[in-house]
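Chemist: Would you be able to build a 3D model of this:
(one chain, ligands or ions: 1)
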Amino acid sequence: MKKVELLAPAKDLNKALIALRYGADAVYVGGLEYSLRSRASNFSLQDIKTLVDFAHYYRKKVYVTVNMVFHDDDLKGIEDYIKTLEMMRVDALIIESLALMALIKKIAPKLECHLSTQLSTTNSLACEELTKWGADRIVLAREVDMLSIEVIAQRVKVPLEVFIHGGMCANYSGRCTLSNRMTNRDANRGGCAHSCRWNYDVYKGKERVSLKELPFTMSSFDLRATPFIERMIKAGVASLKIEGRMKSDHYIAQVTRTYRKMIDEVEMGNHLDESRIAYYNSELDKAENRPSSTGFLALEKTSELFGAKQSFVKHEYVAMVKDFDLSCGYALVEVRNKFAKGDVLEVFGPDLNNERFVVEKMYDEDGQEIEVANRPKALLKIKLPFLVKPYYMMRKVF
Ligand code: SF4
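Modeler: Numbers count the residues shown, from 1 in each chain. Below is the predicted model of the structure:
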């Protein structure tokens, strides 16, 4: 069985390092320009360079999204940008334009071209043609079901990338003007305002229509492909992709770590039966605040994938470990959210599986004992009954 790549998103350098530490084989990031999440990206060119050096040291990869729908004005500086990314030894660009692919092949031939899901590639004929034009990898549309993924994987040689987790578009990815119309923010040029997730009243003329469930929303359930991971790996999919460049450190760590463990189990020859999948789903629940489904993978009725209103939080990320003093058993942590003496905290890390403890003693930076930690970014010392390492995370269990 060929090893599959776990590909995670990152909005900034810190999140990218977390994703790599928590088990991603590769990360994809957007620069300050030319990306669909450019409004939210915090990646300067220097950050991209730092990330590439770190990732390559650990034999991991960095892909940069250059996937906005380019209008003529947007092309300014694009050649220099591409050449710079090649010079920095970025591994691939994720692009949605065949014209851009032709340009990249001409001016930066060391860069791989991964064709984005925005191209809505749903069949093997399209994969084969795109390969002839130079595609080094194809990200299948999220709208392809599992059986079709298996058929395509069998028929084509080009490596396939498949989304396994995260937000879904109410429209075919990248073919939406809802945000443009509602907010004048172009979803295809990095400005999606998630207008599909808003609540709407419905009117006929001036009359408000009485619907069974108001307000109305087109908000789609998030994708969670846990029951299909084993089939994807066995089908020979090259890369399993997590969506969520806007998500928190805790989300990135928990989701990446969970799929890492699933992939490792399958690659060790284990079968992921219902109880294992239920376990992994319970782990993902710790990072989620939106309802999820298996999307189009199981050919579910699309009507059942809309109307995602409820949100739920079972765990709250409260602190990141910065250091641990073995001699006294105290951890230095950076506060993220409020917690207090007596709270039960769960600690996890790349190599630590959910150890719990009750907060008994904690001290602020001046050495004063405190009852409540409520200042974000404050550094505290907490007594712990087990060893922890930098980048481990603590969450409150409700
Ligand atoms: S508004 Fe919704 S459907 Fe449109 S691009 Fe944004 S997330 Fe997708």
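
Chemist: can you list the domain ranges for this structure.
Modeler: Domain segmentation of the chain under automatic domain parsing yields 5-183+219-305, 315-397.

Chemist: average model confidence for the last one?
Modeler: The average pLDDT for domain 315-397 rounds to 94.

Chemist: Find the closest residue to the ligand in the stretch 1-150 of the chain.
Modeler: Here the stretch 1-150 of the chain gets closest to the ligand at one residue, residue 36, 8.9 Å apart by Cβ to the nearest ligand atom. Just so you know, the C-beta spots here come from the backbone N, C-alpha and C atoms, and that holds for glycine as well.

Chemist: sec struct for that residue, please.
Modeler: Judged by DSSP: H, G, I helix; E, B strand; the rest coil, the three-state class of residue 36 is coil.

Chemist: For stretch 65-74, list the C-alpha coordinates in CSV.
Modeler: What follows is stretch 65-74, C-alpha atoms only, in CSV (Å, rounded to 0.1, in the frame of the first residue of the first chain):
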residue,chain,number,x,y,z
THR,A,65,-2.2,28.6,-2.9
VAL,A,66,-2.3,30.9,-5.9
ASN,A,67,-5.9,30.1,-6.6
MET,A,68,-7.8,33.3,-7.0
VAL,A,69,-9.7,33.8,-10.2
PHE,A,70,-7.4,36.3,-11.9
HIS,A,71,-8.7,39.4,-13.5
ASP,A,72,-6.2,41.5,-15.6
ASP,A,73,-5.4,43.9,-12.7
ASP,A,74,-4.6,40.9,-10.5
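
Chemist: Next, see if it gets close to the ligand.
Modeler: No - figure legend: stretch 65-74 not in contact with the ligand (Cβ under 6 Å from any ligand atom); closest approach 11.4 Å.

Chemist: residues of that stretch that come out buried?
Modeler: 65-70 (16 or more other Cβ atoms under 10 Å).

Chemist: same question, stretch 24-40
Modeler: Those would be 24-32, 34-38, for stretch 24-40 by 16+ other Cβ under 10 Å.

Chemist: from the chain's centre, how far out does that stretch sit?
Modeler: Offset of stretch 24-40 from its chain centre (Cα atoms, centre = their mean, to the nearest Å): 11 Å.

Chemist: Confirm that residue 81 sits in a helix.
Modeler: Yes - per three-state DSSP, residue 81 lies within a helix segment.

Chemist: Provide a list of residues in contact with the residue lying closest to it once chain neighbours are set aside.
Modeler: Distances taken as Cβ to Cβ, 6 or more residues apart in numbering place residue 34 nearest to residue 81, at 6.5 Å, with adjacent residues excluded. Residues counted as contacts of residue 34 (Cβ atoms under 8 Å, 6 or more residues apart in numbering) are 65-68, 70, 74, 78, 81.

Chemist: from those residues, which single one is nearest residue 393?
Modeler: residue 65 (26.2 Å; Cβ to Cβ).

Chemist: shaky segments in the stretch 151-300 of the chain?
Modeler: 174, 211-214, 300 (pLDDT under 70).

Chemist: can you give me the strands for it?
Modeler: Applying DSSP state E, counting those that start in this stretch to the stretch 151-300 of the chain gives strands spanning 160-166, 203-204, 207-208, 222-224, 239-242, 292-293.
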